[in-house]
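In: Take this sequence and fold it.
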Amino acid sequence: MPKDDEQSGLSRMLTLEIARVTEAAAVAASKLRGRGNEEAADQAAVDAMRRELNRLAINGRVVIGEGERDEAPMLYIGEEVGTGEGPDVDIAVDPLEGTTICAKALPNALAVVAIAKSGTLLHAPDIYMDKIAIGPGYEPGLVKLDAPAADNLNALAEAKGVPVAEITACILDRPRHAKLIEDVRAAGAAIRLIGDGDIAGVIHTTNPNETGIDIYIGIGGAPEGVLAAAALRCIGGQMQARLHPLNDQHRARAAAVGIENIDRIYTMEEMASGDVIFSATGVTDGSMLMGVKNRCGSIETETVVMRAATRTVRWIRTEHYTQGKFD
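Out: Take a look at the predicted model:
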């Protein structure tokens with residue numbers, strides 16, 4: 001076994017096998033693109049992802065999932081997956097990142113999975129999380145979660161060597177962000193508003209020349225925050241986040257997964273430490289990945305697979321010759 005595999009406990013083969021997990025979920029969800037049924041698309045992705053996860057030679061436990069145990073048949077938090085023979089691993093899943101996007105056939109719907117050594121992924125409850133993220137190449141601590149938007153935007157512009165007018169922030173289009181949007185525009189920066197898909201929004205900061213996004217700011221899902229941190233661990237960047245409970249029920253959920261200080265600011269490394277393998281497959285066409293294409297007798301998928309230990313990023317474009325079936 002290669003040295004990096006010995007240290008992390010993860011097999012190099014998982015970097016290829018994990019691609020089949022997100023491919024299967026993406027293909028299943030793609031059959032319901034544009035049909036307006038978010039629940040059906042999500043369930044199709046969940047069922048396909050569970051089937052493929054259970055074929056992996058791992059002893060896996062879902063720590064970021066689709067909900068609590070009583071919400072089965074979703075991939076629930078605490079569910080055990082894999083053959084039971086292999087390394088003990090944490091699993092973070094978002095079988096369909098952007099259910100609304102898929103239902104409306106809009107860009108950037110993804111199927112996403114991250115695998116890490118047991119105990120190295122933050123067990124985030126299914127509540128909100130305040131986040132800020134930028135790509136690689138900047139001094140540590142350049143942007144700060146609690147700093148005013150103008151300070152972060154000016155610091156990023158100065159480090160990039162451009163006026164703040166050339167900086168674009170990605171923000172979820174939600175009423176809760178009205179003040180943040182106002183502040184970003186007052187600072188002179190542009191905004192890319194997205195309806196859903198904040199995992200992709202964070203990842204887009206790593207390649208601003210292609211995506212046009214320099215920084216991600218705002219409140220989204222905590223599970224998506226951990227998955228985004230896992231991706232950044234593989235390709236570089238900075239991220240800070242803090243849980244954002246709305247009520248006592250949210251605080252109870254946090255306490256149930258062992259969160260003692262709900263006001264704690266987490267770094268990227270604290271949300272996803274050690275070795276991480278991350279995979280995402282496009283469901284709909286987007287700025288990062290092509291969506292699933294149905295050809296005559298085949299299905300085409302595009303997947304990105306990343307690994308933190310080796311800092312490798314693989315882009316996999318696959319033709320599945322299926323005669324109408326995917327297996």
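
In: Break this structure down into its structural domains.
Out: 3-119+276-321, 128-271 (automatic domain parsing).

In: now those in a markdown table, with mean neighbour count and mean pLDDT?
Out: From N, CA and C alone the C-beta is placed, and that goes for glycine too. Listed next are the domains of the chain as a markdown table, based on neighbours: other CB atoms under 10 Å; pLDDT from 0 to 100:
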| stretch | mean neighbour count | mean pLDDT |
| --- | --- | --- |
| domain 3-119+276-321 | 20 | 90 |
| domain 128-271 | 19 | 96 |
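
In: and the closest residue to Ala256 other than its chain neighbours, which of the three is it?
Out: Among residues not flanking Ala256 along the chain, Pro125 sits closest, at 7.0 Å (CB to CB, 6 or more residues apart in numbering). At Pro125 the chain is in coil, as set by DSSP: H, G, I helix; E, B strand; the rest coil.

In: the helices in the chain, which residues?
Out: Counting by DSSP state H, the chain has helices at residues 3-8, 14-30, 38-53, 99-103, 149-160, 178-187, 198-204, 208-211, 222-235, 248-256, 268-271.

In: Is it possible to get TSV of these that adds distance to Tyr76?
Out: Shown next, in TSV, are the helices of the chain (distance: least, CB to CB, whole Å):
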stretch	distance to Tyr76
helix 3-8	26
helix 14-30	16
helix 38-53	10
helix 99-103	17
helix 149-160	36
helix 178-187	32
helix 198-204	19
helix 208-211	33
helix 222-235	12
helix 248-256	13
helix 268-271	20
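
In: Out of those helices, flag the one nearest Gly286.
Out: helix 198-204 (6.5 Å; CB to CB).

In: ok, now which ones touch the residue nearest to Ala256?
Out: Ala222, Leu243, His250, Arg253, Ala254, Ala256, Val257, Ile259 (CB atoms under 8 Å, 6 or more residues apart in numbering).

In: TSV for those, including distance to Lys160?
Out: TSV is the format used below for the contacts of Pro125 (distance: CB to CB, whole Å):
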residue	distance to Lys160
Ala222	29
Leu243	30
His250	36
Arg253	38
Ala254	35
Ala256	41
Val257	37
Ile259	35
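
In: which residues are in contact with stretch 284-301?
Out: 23, 26-27, 30, 33, 98, 101-102, 105-110, 200, 203-204, 210-212, 280-283, 302-304, 316-324, 326.

In: how near is Leu289 to Asp47?
Out: Using CB to CB, to the nearest Å, we find Leu289 at a distance of 22 Å from Asp47.

In: ugh, typo on my part, it should be Glu182
Out: Counting by CB to CB - Glu182 and Asp47 are separated by 42 Å.

In: What of Thr312?
Out: Counting by CB to CB, the gap from Thr312 to Asp47 is 30 Å.

In: and what of Asp151?
Out: 46 Å.

In: Contacts only, for the closest residue to Thr211 other than its chain neighbours.
Out: The shortest distance from Thr211 to any non-neighbouring residue, by CB to CB, 6+ apart, is to His204 (3.9 Å). By CB under 8 Å, 6+ apart, His204 lies in contact with Cys170, Thr211, Ile213, Tyr216, Ser287, Met288.

In: ok so, going back, I'd like to know which of the helices of the chain is closest to Met129.
Out: Between Met129 and the helices of the chain, the tightest spacing by CB to CB is seen for helix 222-235, at 3.9 Å.

In: Give me the angle between that closest one and helix 248-256.
Out: Using axes from the mean of the first three to the mean of the last three CA atoms, to 10 degrees, one finds that helix 222-235 and helix 248-256 are set 50 degrees apart in direction.

In: could I have helix 222-235 exported to CSV, CA atoms only?
Out: Taking Å, rounded to 0.1, in the frame of the first residue of the first chain, the C-alpha atoms of helix 222-235 are listed here in CSV:
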residue,chain,number,x,y,z
ALA,A,222,-24.4,23.4,7.4
PRO,A,223,-24.2,20.0,5.7
GLU,A,224,-23.3,21.7,2.4
GLY,A,225,-20.7,23.8,4.3
VAL,A,226,-18.9,20.6,5.4
LEU,A,227,-19.0,19.2,1.9
ALA,A,228,-17.6,22.5,0.5
ALA,A,229,-14.8,22.4,3.1
ALA,A,230,-13.9,18.9,2.1
ALA,A,231,-13.6,20.0,-1.5
LEU,A,232,-11.4,23.0,-0.6
ARG,A,233,-9.2,20.8,1.5
CYS,A,234,-8.4,18.9,-1.8
ILE,A,235,-7.8,21.9,-4.1
